[in-house]
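S.K.: Mind looking at a prediction? Sequence and model below.
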Amino acid sequence: MKTAVVGLQWGDEGKGKIVTYLSRNYDCVVRYSGGSNAGHTVDYGDFKIVHHLLPSADLKKQKMMYIGPGVVVDLDVLTEEIEQIDQLLPHARSLLRISRQAHVVLPIYKMLDEKIDGSRLSAIGTTRRGIGLSYANRALRCGLRLQDLENPSRAKNFIEELAGIWQIKIDAQEILHELLAKYESIQDLLIDSTNAVRNLKDKDLLFEGTQGVLLDVDVGTYPYVTSTNCSSTGIQSGFAYPVKLDQILGVMKAYTTRVGEGPFPTELTGEEGEKLRRLGGEYGATTGRPRRCGWLDLVLLRYVLELSGCTSLILTKADILSGYEKIPVCVAYKIRGRVIDKLDNLEFVDQVEPVYELFDGWKSLQSVEFERFVAKIEKEIGMRFSHISTGPRVDEIIEI
Ligand code: IMP
């Protein structure tokens, strides 16, 4: 069985916990895109782990983890995370494999990320993790791969070349020295993509999406997106094999959040937004930034469902809305005197006015009001929920 889990909004839908829960039925969890811009908090009950680069496999169940060549690797973050899991569960490190062909995030990328975003007419509000620069340099064919660190003098030449291209002054020897120290500590975990595919292609694999489809570089709210195909479309290239998926599970929150800039039709500003942020603990797992919060947007969901190839849905954080008397859900947009409930592209999404339908609130997820909410959403978007998350812990989930 090959399954993908993708976020259907702007990330932070709670995919980490879902992947951890589902991973119990798979041999290996594969990360195929993004880098340490991702932040997945997994609450095991007795401890919590925030994953940035490590796949969110259930560590207690000894599942394999693979970081594919489509991921960009910040060695500082990776080694810190490995130390963290090592202390919690000593066997966990041995379950990890990392593609030698994955690109390395150099410290100068983070500095350039900040400089470039700050020089734009309208900033994107990146995580400053050097993600865009890593993928840009990969495409420009001047990026450094993990395998390049095997030959330090060649790696130094690469770094010097890169500094020349970007016209910045650096101490290549010092950068290399720091990279090598971290690299050597993970060298035993590296594997060629070819070998990884050989070992894994016949196994049960769970592909862990990062961010959400609305941040996908091709179909998201460009330019306010990340630099990769975080939708399921990125899996083949990020795993470096034309894998055939059996199912694509889309994770959606019962409301919407976004970090960084860009259009957000159902955004709540002021006290209402603050209340939702407080109730949902909506602060970035990577940057700590307060997330922008708003109501569920079915027009965007219909658009995303059409493009992501999703086969079923998983609802998260509906428990956060428990206690609201009425819950507005955006069912259509008004734009230039017309009412629409479907989008062909996201070109004018910054100019729409949401049309809301008010749903009766619920006191608990066992209530008839919540059942009605779920049934109505399914009907509106034409897809069934397979799971509903009922709380933050990994085991707080029901299968439908
Ligand atoms: P970058 O990926 O750091 O270049 O940031 C580009 C945009 O994607 C910014 O709006 C970020 O806030 C957003 N972003 C990147 N990673 C995540 C994530 O894991 N969750 C939510 N937003 C993200």
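M.R.: That came through, no problem.

S.K.: my read: Ile314 touches Thr390, true?
M.R.: No: Ile314 lies out of contact with Thr390 (C-beta atoms under 8 Å); the separation is 11.7 Å. (Glycine included, C-beta is placed from N, CA and C.)

S.K.: The closest residue to the ligand within the stretch 301-400 of the chain: neighbour count?
M.R.: Nearest to the ligand, among the residues of the stretch 301-400 of the chain, is Thr316, at 13.8 Å (C-beta to the nearest ligand atom). For Thr316, the tally of surrounding residues (other C-beta atoms under 10 Å) stands at 24.

S.K.: I figured it was touching Val251, is that so?
M.R.: Yes: counting by C-beta under 8 Å, Val251 is a contact partner of Thr316 at 6.1 Å.

S.K.: between these two, what contacts are shared?
M.R.: Glu13, Gly14, Ile18 (C-beta atoms under 8 Å, 6 or more residues apart in numbering).

S.K.: Which of these ranks first by neighbour count?
M.R.: Counting by other C-beta under 10 Å, Glu13 has the largest number of neighbours within the shared contacts of Thr316 and Val251, with 28 neighbours.

S.K.: Show the residue spans covered by the helices in the chain.
M.R.: With DSSP state H as the criterion, the chain has helices at 15-22, 75-88, 107-119, 131-139, 152-165, 172-186, 193-200, 235-239, 270-280, 298-308, 368-381.

S.K.: Out of those, flag the one nearest Val6.
M.R.: With C-beta to C-beta as the measure, helix 298-308 is the member of the helices of the chain nearest Val6 (5.8 Å).

S.K.: Return the set of buried residues in the closest one.
M.R.: The neighbour-count check on helix 298-308 (16 or more other C-beta atoms under 10 Å) flags Leu298, Val299, Leu300, Leu301, Arg302, Tyr303, Val304, Leu305, Ser308 as buried.

S.K.: Now that helix - C-alpha only, PDB.
M.R.: Only the C-alpha atoms of helix 298-308 are listed here, as PDB (Å, rounded to 0.1, in the frame of the first residue of the first chain):
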ATOM      1  CA  LEU A 298     -15.200  25.500   1.100                       C
ATOM      2  CA  VAL A 299     -14.500  27.400  -2.100                       C
ATOM      3  CA  LEU A 300     -10.800  27.000  -1.700                       C
ATOM      4  CA  LEU A 301     -11.300  23.400  -0.500                       C
ATOM      5  CA  ARG A 302     -13.200  22.500  -3.700                       C
ATOM      6  CA  TYR A 303     -10.400  24.000  -5.800                       C
ATOM      7  CA  VAL A 304      -7.700  22.100  -3.800                       C
ATOM      8  CA  LEU A 305      -9.600  18.800  -3.900                       C
ATOM      9  CA  GLU A 306      -9.800  19.000  -7.700                       C
ATOM     10  CA  LEU A 307      -6.100  19.400  -8.000                       C
ATOM     11  CA  SER A 308      -4.700  17.300  -5.300                       C
END
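
S.K.: Run through the residues that contact Trp239.
M.R.: Slight slip there: residue 239 is Phe, not Trp. Phe239 neighbours (C-beta under 8 Å, 6+ apart): Val30, Tyr32, Gly68, Pro69, Gly70, Val197, Phe207.

S.K.: same thing with Lys17?
M.R.: For Lys17, the contact set (C-beta under 8 Å, 6+ apart) comprises His40, Thr41, Val42, Asp43, Ser56, Thr316, Ser389, Pro392, Arg393, Val394, Ile397.

S.K.: switch the cut-off to 6 Å
M.R.: For Lys17, the residues meeting the contact criterion (C-beta atoms under 6 Å, 6 or more residues apart in numbering) are Val42, Val394.
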